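[1] Below: sequence and its predicted model.
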Amino acid sequence: NVGYYNGTMGPLEEMTVPMGDRALYFGDGIYEATCVANRVPFALDDHLDRMYNSLRLLEIPFKMERDQVKAELQKVIDAAEDSPIHFLYWQISRGVAMRNHPFPTDAEPTLLIYVKPHTMKSMDKPYKLISMEDIRFKLCNIKTLNLIPSVLANQRAVEHGCDEAVLHRGSRVTECAHSNISILKDGVLQTAPTDELILPGITRKHLLALAKEHGISVLEKPFSMVELMNADEVIVTSSSALCMKAESIDGIPVGGKDPQRLKFLQDAYLEKFQRETQPK
Ligand code: PLP
């Protein structure tokens, strides 16, 4: 496990951050995460596009150019112990300053990175989900460090023997605590549109592209809890677990009615992941 903070690298367990880092007081920063195979991070440019967009929306004046960010990330990846798959996490905070809500005038944004060995879940093992009201704010399109509602939702999921929490605002399904959610219904892949209520997931994006590429219709339209419960298949996507199917929500069986199409999409995703992380 390797850690990095503003250019200093060392064993993750020994790394420290200054007390004034605004990530600590306000969650005033953004993050990104992806899986790495053969020391090649998957879909890195998509993650960097989203990173710069999150920074722009939070008005964090992070000056490092994309190629330099890539080089810093690679340095940490290359220093990690051997593993077939690694998990790469990085975050940028607004900087280090005395605690005060408005933006500090003289702080430089900080870059924190860590890499650790990772085991991907088998996509054959279905998720159990728990449903919960989405109590998050309306900046869900920004990958901010403010994750308390997601932390609470995932804790409830674990307490109920579930893998993820599916969130809804009233009847409308938004996403999961740390994943997007899509359904297959009558051969169509449906998922919520990217607005301020969901994170524009990279896995979601690639799944939709793969579906289109293979002639599966895609519908970006909100769906309800009732539609979710009656879907042919339920698919939960994230960078760390790729495309997982769900078998139950609140203990009620869901999906299982279009296994071939689901498996086809999962296989296509895994194939893309493997192809795009070939050793350089
Ligand atoms: N939605 C939320 C709230 C998340 O935190 C995440 C990932 O961390 C996702 C969706 C999935 O996004 P991605 O596929 O880019 O990992």
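    On my side now, so go ahead. Given the structure is predicted, the values throughout are model-derived calculations rather than measurements.

[2] Excluding covalently adjacent residues, which one is nearest to residue 234?
    Distances taken as CB to CB, 6 or more residues apart in numbering place residue 246 nearest to residue 234, at 4.0 Å, with adjacent residues excluded. Backbone N, C-alpha and C define where each C-beta goes, glycine included.

[3] right, I mislabeled it, should have said residue 228
    Closest residue to residue 228 apart from its sequence neighbours, by CB to CB, 6+ apart: residue 173 at 5.3 Å.

[4] coming back round to it: would the residue nearest to residue 234 count as being in a helix?
    No: counting by DSSP: H, G, I helix; E, B strand; the rest coil, residue 246 is not found in a helix; it is strand.

[5] So what's the residue count around it?
    If you count neighbours by other CB atoms under 10 Å, residue 246 ends up with 26.

[6] Which helix runs longest in this protein?
    What stands out as the longest helix in the chain, according to DSSP state H, is helix 259-276.

[7] Which neighbouring elements make contact with it?
    strand 29-37, helix 202-213, strand 233-238, strand 242-249 (3 or more CB pairs under 8 Å, 6 or more residues apart in numbering; DSSP states H and E).

[8] Looking at the first one now, give me its mean pLDDT.
    On average, the pLDDT along strand 29-37 is 98.

[9] Report the next helix or strand after that strand in sequence order.
    strand 40-41 (DSSP states H and E).

[10] burial measure for residue 190, as a count.
    19.

[11] which neighbours does the helix or strand in which it is found have in its sheet, and in what orientation?
    Per DSSP H and E: residue 190 is located in strand 188-191. If you go by DSSP bridges, strand 188-191 pairs up with strand 180-185 (antiparallel), strand 218-220 (parallel).

[12] Can you mark which positions in it are buried?
    For strand 188-191, the buried set under the neighbour-count rule, 16 or more other CB atoms under 10 Å, comprises 189, 190, 191.

[13] And the contacts of it?
    Residues outside strand 188-191 that contact it (CB atoms under 8 Å, 6 or more residues apart in numbering): 180-184, 204, 207-208, 211, 216-221, 223, 227, 235, 265.

[14] out of those, which are buried?
    Buried among the contacts of strand 188-191 by 16+ other CB under 10 Å: 180-184, 204, 207-208, 211, 216, 218, 223, 227, 235, 265.

[15] Stretch 14-21: end-to-end distance?
    Terminal residues of stretch 14-21 lie 17 Å apart, using CA to CA, to the nearest Å.

[16] tell me the average confidence for that stretch?
    98.

[17] ditto for stretch 266-280
    Mean predicted lDDT for stretch 266-280 stands at 97.

[18] Provide the contact partners of that stretch at residue level.
    35-43, 123, 203, 206-207, 210, 214, 242-243, 245.

[19] May I have that stretch exported as PDB, CA atoms only?
    C-alpha atoms of stretch 266-280 as PDB (Å, rounded to 0.1, in the frame of the first residue of the first chain):
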ATOM      1  CA  GLN A 266     -21.000  -8.100 -18.300                       C
ATOM      2  CA  ASP A 267     -18.700 -10.200 -20.600                       C
ATOM      3  CA  ALA A 268     -18.300  -7.300 -23.100                       C
ATOM      4  CA  TYR A 269     -17.400  -5.000 -20.200                       C
ATOM      5  CA  LEU A 270     -14.800  -7.300 -18.800                       C
ATOM      6  CA  GLU A 271     -13.400  -7.800 -22.300                       C
ATOM      7  CA  LYS A 272     -13.100  -4.000 -22.700                       C
ATOM      8  CA  PHE A 273     -11.500  -3.700 -19.300                       C
ATOM      9  CA  GLN A 274      -8.900  -6.400 -20.100                       C
ATOM     10  CA  ARG A 275      -8.200  -5.000 -23.600                       C
ATOM     11  CA  GLU A 276      -7.700  -1.500 -22.400                       C
ATOM     12  CA  THR A 277      -5.400  -2.500 -19.600                       C
ATOM     13  CA  GLN A 278      -2.900  -4.500 -21.600                       C
ATOM     14  CA  PRO A 279       0.700  -3.900 -20.500                       C
ATOM     15  CA  LYS A 280       2.200  -0.900 -22.300                       C
END
